[in-house]
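Novice: Sharing a sequence plus its predicted fold:
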There are 2 protein chains.
Amino acid sequence: MMIETKELLYPEKSLSKASAGERVACELRMRIISGAIESGTILSENKLAADFAVSRSPIREALKILASENIIRLERMGAVVIGLTEKEIQEIYDVRLLIETFVFERLIKMETKQLSRELSKILEMMKVAIKYRDADDFALQDVLFHETIIRSINHSHMLMIWDNLKPVMECLILLSMRMRIKEEYEDFTRVIRNHEIYIEAIESKNRELMLESLHLNFDDVQVQGTVDDLWMSQQMLAKGAVQKND
Amino acid sequence: MMIETKELLYPEKSLSKASAGERVACELRMRIISGAIESGTILSENKLAADFAVSRSPIREALKILASENIIRLERMGAVVIGLTEKEIQEIYDVRLLIETFVFERLIKMETKQLSRELSKILEMMKVAIKYRDADDFALQDVLFHETIIRSINHSHMLMIWDNLKPVMECLILLSMRMRIKEEYEDFTRVIRNHEIYIEAIESKNRELMLESLHLNFDDVQVQGTVDDLWMSQQMLAKGAVQKND
DNA sequence: TTTATAATACTTGTATACAAGTATCCTTGT
DNA sequence: ACAAGGATACTTGTATACAAGTATTATAAA
């Protein structure tokens, strides 16, 4: 059944095969992360069902999904909207950095020709998306780019973590790109360049280059704050590794 | 409604306040991980509903949960049991190592007196559990021990990852402890010792000690394989950090 | 005016009903 | 014997109904 409401924030084309529950989840996610639904709001299953013109079953499914993403909190009575604070966004990037560096280390030991080709293709698509000023398409391809890298190492649990992170990342990037495509057009060529560096890093299996592009990417989605904890953690672990190798 | 079936693998006391769906999820998880339900089996909502004597609603909920844990795969027709291969168990430990080292780095910058007290209490409970040969209680406290550490840093996304990992970890530890409490009794005192080392590491904020106990813990749940990728990854990141600090 | 209690209008969790789609198997035609 | 097609018995996704519990509010008593 179609969702009947004023205006959909989430690009419809992406959920052609999605169930009503997933649709609702995507739309609610966008509204919450964009701030259209304020943090602290209490969502009621019945009210949502009425708003989206579906029954409670898909609504329940949607709320479960959003709760697993830590966007809402399921309580005895009603679901409380949590939303994304600055801190949470920083946390998301902590996780992403953790995953992607882990993935890269695996990639170094692998044949990456096929992957590199796939990434190049996605990059071309992104260029086209810019050319036609399609922010949504650009954002979705951007997400796909990183997902493709993560998938390539065949680590089901890293993929699990990504699957949890992905929807929120997607929202953030979608919103960010929509904002910037109007005025800050040149930002996009820089994003493209960062991705090219990433591919180069994979092809040459160059750790430093990969780190560089990763940070450029992060900085590019507006979060700057330090990631000192992460760095310290890694440094510590490395010391441990060295010690173990003695 | 009560689940009516021959024999429950999951300790009932833990799910006093759980919904039927969660109960089913826990029980199915145990059966799958223990091998009682073989990998490759196709689960049908209707059949499960009949077996557990509940309606399809809680069954659907349970299947969603298990799918998010990568234990089953939801397909067009039926849910396919994936189970845990050696590789997957290794992957779980990759993730756990990733999380716990990150957490420890945060702990170093925090006041850990309160945490240390909590952990000591849990440790005492574990000792009592051993004294009375209660493998289940021991296992659950063990899980709680690690969860307490992770919770203490207030990082909602690390907690999210843990929440995903926890149920499977819990199953593994439950099964492992049940196996060993009969014959390999002295194993438990070693586990206790490892946890004591962990607390000491937190109190003294000693990275090397923490790593040591972490590895002892891992080795203790039978997985030995290398974690080379992780080590390499950390080493690489540390280099990056150094470079950045220059 | 304030407090206690009871009615009401919500809430969730579960059961059941139904529609639409898909695999299986059986029949039928060649 | 074998291929084509259709009936049948499954499947999931969604809607709806109901029970049990909780917050709120209104009413009544002190």
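Specialist: Okay, I see it. Numbering: from 1, shown residues only, chains lettered A, B, ... in the order given.

Novice: hey, let's count contacts and neighbours off CA atoms from now on
Specialist: Fine.

Novice: which residues does the residue nearest the centre of chain A contact?
Specialist: Compute the mean C-alpha point of chain A, and by C-alpha atoms, centre = their mean the closest residue is A:Met169, 2.2 Å away. Contacts for A:Met169 (C-alpha atoms under 8 Å, 6 or more residues apart in numbering or on different chains) come out as A:Val143.

Novice: Report the separation between the nearest residue to A:Arg60 once chain neighbours are set aside and DNA strand C.
Specialist: Leaving out its chain neighbours, the residue that sits closest to A:Arg60 by C-alpha to C-alpha, 6 or more residues apart in numbering or on different chains is A:Glu45, at 6.9 Å. Distance, A:Glu45 to DNA strand C, by C-alpha to the nearest atom of the strand, to the nearest Å: 4 Å.

Novice: now A:Lys47
Specialist: For A:Lys47 relative to DNA strand C (C-alpha to the nearest atom of the strand), the value is 6 Å.

Novice: And A:Arg96, by the same measure?
Specialist: Distance from A:Arg96 to DNA strand C, by C-alpha to the nearest atom of the strand: 31 Å.

Novice: and that residue, that one's in a strand?
Specialist: No: A:Arg96: not assigned to a strand; according to DSSP: H, G, I helix; E, B strand; the rest coil it is helix.

Novice: now it: how far from A:Thr189?
Specialist: Distance, A:Arg96 to A:Thr189, using C-alpha to C-alpha, to the nearest Å: 23 Å.

Novice: quick one: which of the two has more around it?
Specialist: A:Arg96 (20 against 12; other C-alpha atoms under 10 Å in any protein chain shown).

Novice: mind checking pLDDT for the closest residue to DNA strand C within chain A?
Specialist: Closest contact between chain A and DNA strand C, by C-alpha to the nearest atom of the strand, is at A:Gly78 (3.6 Å). pLDDT recorded at A:Gly78 is 87.

Novice: May I ask you to confirm that it is in contact with A:Gly40?
Specialist: No: using C-alpha atoms under 8 Å, A:Gly78 makes no contact with A:Gly40, being 11.2 Å away.

Novice: Identify each buried residue in the lengthiest helix in chain A, please.
Specialist: The longest helix of chain A (DSSP state H) is helix A:156-182. The neighbour-count check on helix A:156-182 (16 or more other C-alpha atoms under 10 Å in any protein chain shown) flags A:156-162, A:164-178, A:181 as buried.

Novice: circling back to that earlier point, quick check: phi and psi at the residue nearest to A:Arg60.
Specialist: phi -60, psi -40 (degrees, to the nearest 10).

Novice: Get me the contact residues on chain A for DNA strand D.
Specialist: Chain A comes close to DNA strand D at residues A:1, A:19-21, A:53-58, A:76-77, as judged by C-alpha under 7 Å from any atom of the strand.

Novice: domains for chain A, by residue range?
Specialist: Split into domains by automatic domain parsing, chain A comes to A:12-81, A:86-222.

Novice: What is the least confident helix or strand in chain A?
Specialist: Lowest on mean pLDDT, DSSP states H and E among the helices and strands of chain A sits helix A:228-245, with a mean of 39.

Novice: coming back round to it: would you list the phi and psi of the residue of chain A closest to DNA strand C?
Specialist: phi 90, psi 160.

Novice: about what we covered before: thought the residue nearest to A:Arg60 was touching A:Ser57?
Specialist: No: the criterion here is C-alpha under 8 Å, and A:Glu45 misses it with A:Ser57 at 9.1 Å.

Novice: out of these two, which sits in the more crowded spot?
Specialist: A:Glu45 (20 against 13).

Novice: contacting residues for the more buried one?
Specialist: Applying C-alpha under 8 Å, 6+ apart, the residues near A:Glu45 are A:56, A:59-60, A:78.

Novice: Turn the residues of chain A next to DNA strand D into a markdown table, including secondary structure.
Specialist: Formatted as a markdown table, the residues of chain A next to DNA strand D follow (three-state DSSP):
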| residue | secondary structure |
| --- | --- |
| A:Met1 | coil |
| A:Ser19 | coil |
| A:Ala20 | helix |
| A:Gly21 | helix |
| A:Ala53 | coil |
| A:Val54 | coil |
| A:Ser55 | coil |
| A:Arg56 | helix |
| A:Ser57 | helix |
| A:Pro58 | helix |
| A:Arg76 | coil |
| A:Met77 | coil |
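
Novice: quick check, nearest of those to A:Ile89?
Specialist: If you rank the residues of chain A next to DNA strand D by distance to A:Ile89 using C-alpha to C-alpha, A:Gly21 comes first, at 25.1 Å.

Novice: Give me the buried positions along stretch A:181-197.
Specialist: Neighbour-count burial for stretch A:181-197 [16+ other C-alpha under 10 Å]: A:181, A:188, A:191-197.

Novice: what does it rub up against?
Specialist: A:123, A:126-127, A:130, A:133, A:135, A:180, A:209-210, A:213-214, A:216-217, A:220.

Novice: Identify the farthest-apart pair in these.
Specialist: It's A:Arg133 and A:Leu209 that sit farthest apart of the contacts of stretch A:181-197, by C-alpha to C-alpha, at 29.1 Å.

Novice: quick one, which of the two is more surrounded?
Specialist: Higher neighbour count among A:Arg133 and A:Leu209: A:Leu209, with 18 against 15, using other C-alpha under 10 Å.

Novice: And the nearest residue to the more buried one once chain neighbours are set aside, how close does it get to chain B?
Specialist: Leaving aside its chain neighbours, A:Leu209 sits nearest to A:Ala201 (5.3 Å; criterion: C-alpha to C-alpha, 6+ apart). Computed as C-alpha to the nearest C-alpha, to the nearest Å, the A:Ala201 to chain B distance reads 13 Å.

Novice: can you redo the contacts of A:Glu45 as JSON lines with neighbour count?
Specialist: Shown next, in JSON lines, are these (neighbours: other C-alpha atoms under 10 Å in any protein chain shown):
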{"residue": "A:Arg56", "neighbour count": "18"}
{"residue": "A:Ile59", "neighbour count": "25"}
{"residue": "A:Arg60", "neighbour count": "20"}
{"residue": "A:Gly78", "neighbour count": "14"}
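
Novice: Specify which member of the residues you listed is nearest to B:Cys26.
Specialist: Nearest member of the contacts of A:Glu45 to B:Cys26, counting by C-alpha to C-alpha, is A:Arg60, at 20.1 Å.

Novice: pLDDT wise, what is that closest one at?
Specialist: 94.

Novice: gap between the strand or helix carrying it and the chain center?
Specialist: Element membership for A:Arg60, per DSSP states H and E: helix A:56-68. Distance, stretch centre to chain centre, for helix A:56-68: 20 Å (C-alpha atoms, centre = their mean, to the nearest Å).

Novice: Check which helices and strands the very next helix or strand once past it sits against.
Specialist: Proceeding C-terminally, helix A:56-68 gives way to strand A:72-74 as the next helix or strand, assigned by DSSP H and E. Judged by 3 or more C-alpha pairs under 8 Å, 6 or more residues apart in numbering or on different chains; DSSP states H and E, the packing partners of strand A:72-74 are helix A:56-68, strand A:79-81.
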